[in-house]
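Student: Task: produce atomic coordinates for the following.
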Amino acid sequence: MTDTHAHRTAASRYLRPSIVPMIAWLFLLPLTQGCGLIFDAVHQVYPVTINEMDKICRRQQVQVGMAVEPFRPFVFPAVWTDEGARVTGLDTELVRAVSDALTIHCGTPVVPALHLVRFRDLFLLLNEGQLDFFVSAVAAGTPSPGRSGFAYSTPYFSQGGIGAIATRPEVIDLLQTRVRTAGRSTPREQLLSGLTVAVQDSTAAHLYAEAKIHAAGVLVCDSLPAAFEHAAAGLSPPIDVIIGAHPVLNFMVHTTRRDWQLLAKDEHTPLWFTLADYAVVMAEESYTLRWFINDVIFHLHESGRLEQMRHRWIDETYAYPRRASAEGLPFDVQKMPAHYAQGTCRAASPH
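Tutor: Got it, this is the predicted structure:
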């Protein structure tokens, strides 16, 4: 065998493994044009794999979304401190626990880059890939076409279903009478028939109202403060009932909105409209990150810290601005003007 022939033989052996997939690709290309299958064919020949944990470690930041509207005690109103703008609450402590665990996992400091935006925009930003995950007392598994394509972590808070509050005595009396006289099989939403019900835009309560409440008027408010302001100003139509996250409403009527009353079946039983757990929201394909956050929540639970966090934020008496100054998360100050635009209420679109 000549040196030239040996060289060609070796070259053919070297090139053959890379040529075969290329020939397969050239053969498939005419078949895929016009059928929207080009990416699928590339994916079959050269599988695309993205590890979201590696991306977080490389940039040393985890992109976190949080609602600019307060969901006390999970997310409090943002405040100015000597160190700058800060936000605090149970959910911010959870975010810090996740970022601390990421620092250990990555072997380098990982800081949370907080995006404080409208609650209704959190799902959009996550869908666009601008966030790794978000939190804001989000009820896991709420049925809605708009919630498809998202995944939820292990719950970090239970008993987070929908409750209701009212302030006018005649409305409270009417609802208490309906609760007493309603049969066990009476759909819960029928208790609200003929009333005007306020909900916060895009929350689980809003989705519940769209799916269930057909015999009552529904006002969609940009935030809970907007609903309270609408009611206090005596605007038309007057709000009879606000439905929303039960633990948020319960916290508010015992702290900042003592003129409102949490509706109950009796002295010891809250009036629930749904049951739900709160979880961290991620993209459906973020499997590695979801396993990681599930592990963080598991260890928080096993160590007793998760229960301590719940007690600390829900049961203790405290001044949240002081906690924000001491332990709050910083965020982009350009979001501060949007924070104070609590918005308004408007009639819900017809079903």
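
Student: which ones are touching residue 281?
Tutor: 122, 123, 126, 133, 134, 135, 138, 150, 151, 152, 153 (CB atoms under 8 Å, 6 or more residues apart in numbering). No exception for glycine: its C-beta is placed from N, CA and C like everyone else's.

Student: Between those residues, which sits nearest residue 225?
Tutor: Relative to residue 225, the closest of the contacts of residue 281 is residue 122; by CB to CB it sits at 18.0 Å.

Student: How about residues contacting the helix or strand where that closest one lies?
Tutor: Counting by DSSP states H and E, the element that carries residue 122 is helix 119-127. Here helix 119-127 makes contact (CB under 8 Å, 6+ apart) with 65-69, 115, 117, 131, 133-134, 136, 146-147, 149-150, 200-203, 281-283.

Student: Can I get that helix in CSV? Just the C-alpha atoms.
Tutor: Taking C-alpha atoms only, helix 119-127 is exported to CSV below (Å, rounded to 0.1, in the frame of the first residue of the first chain):
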residue,chain,number,x,y,z
PHE,A,119,-48.7,39.9,39.1
ARG,A,120,-50.4,39.5,35.8
ASP,A,121,-47.0,40.0,34.0
LEU,A,122,-45.1,37.3,35.9
PHE,A,123,-46.4,34.4,33.8
LEU,A,124,-45.5,36.4,30.6
LEU,A,125,-42.0,37.2,31.7
LEU,A,126,-41.4,33.5,32.7
ASN,A,127,-42.8,32.4,29.4
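
Student: in it, what counts as buried?
Tutor: In terms of neighbour count (16 or more other CB atoms under 10 Å), helix 119-127 has its buried residues at 119, 120, 121, 122, 123, 125, 126.

Student: same deal with stretch 205-220?
Tutor: In terms of neighbour count (16+ other CB under 10 Å), stretch 205-220 has its buried residues at 205-210, 212-213, 216-220.

Student: mind checking how far that stretch is from the chain centre?
Tutor: Per CA atoms, centre = their mean, to the nearest Å, the displacement of stretch 205-220 from the mean C-alpha position of its chain is 20 Å.

Student: Ends of it, what's the gap?
Tutor: Start-to-end span of stretch 205-220 (CA to CA, to the nearest Å) is 10 Å.

Student: I'd like the next helix or strand past whichever helix or strand residue 54 is part of.
Tutor: Assigned by DSSP H and E, residue 54 belongs to helix 52-59. Scanning forward in sequence from helix 52-59 by DSSP H and E, the next helix or strand is strand 61-67.

Student: Mind listing the strands that following strand pairs with, and their directions?
Tutor: strand 111-117 (parallel), strand 133-135 (parallel) (DSSP bridges).

Student: so which of the ones you listed comes closest to residue 238?
Tutor: Closest approach to residue 238 among those is made by strand 111-117 (30.3 Å; CB to CB).

Student: Output that closest one as PDB, nothing but the C-alphas.
Tutor: The C-alpha coordinates for strand 111-117 follow below in PDB (Å, rounded to 0.1, in the frame of the first residue of the first chain):
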ATOM      1  CA  VAL A 111     -27.400  36.400  44.100                       C
ATOM      2  CA  PRO A 112     -31.100  36.800  43.300                       C
ATOM      3  CA  ALA A 113     -31.800  39.400  40.700                       C
ATOM      4  CA  LEU A 114     -35.400  40.500  41.600                       C
ATOM      5  CA  HIS A 115     -37.900  41.600  39.000                       C
ATOM      6  CA  LEU A 116     -40.700  43.400  40.800                       C
ATOM      7  CA  VAL A 117     -43.600  43.600  38.300                       C
END
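
Student: Extract the CA atoms of the helix holding residue 54 and return them as PDB.
Tutor: In PDB, the C-alpha atoms belonging to helix 52-59 read as follows (Å, rounded to 0.1, in the frame of the first residue of the first chain):
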ATOM      1  CA  GLU A  52     -30.800  25.700  33.500                       C
ATOM      2  CA  MET A  53     -28.700  25.100  36.700                       C
ATOM      3  CA  ASP A  54     -25.500  25.500  34.700                       C
ATOM      4  CA  LYS A  55     -26.700  28.800  33.200                       C
ATOM      5  CA  ILE A  56     -27.500  30.100  36.700                       C
ATOM      6  CA  CYS A  57     -24.100  29.100  38.000                       C
ATOM      7  CA  ARG A  58     -22.300  30.700  35.000                       C
ATOM      8  CA  ARG A  59     -24.000  34.100  35.400                       C
END
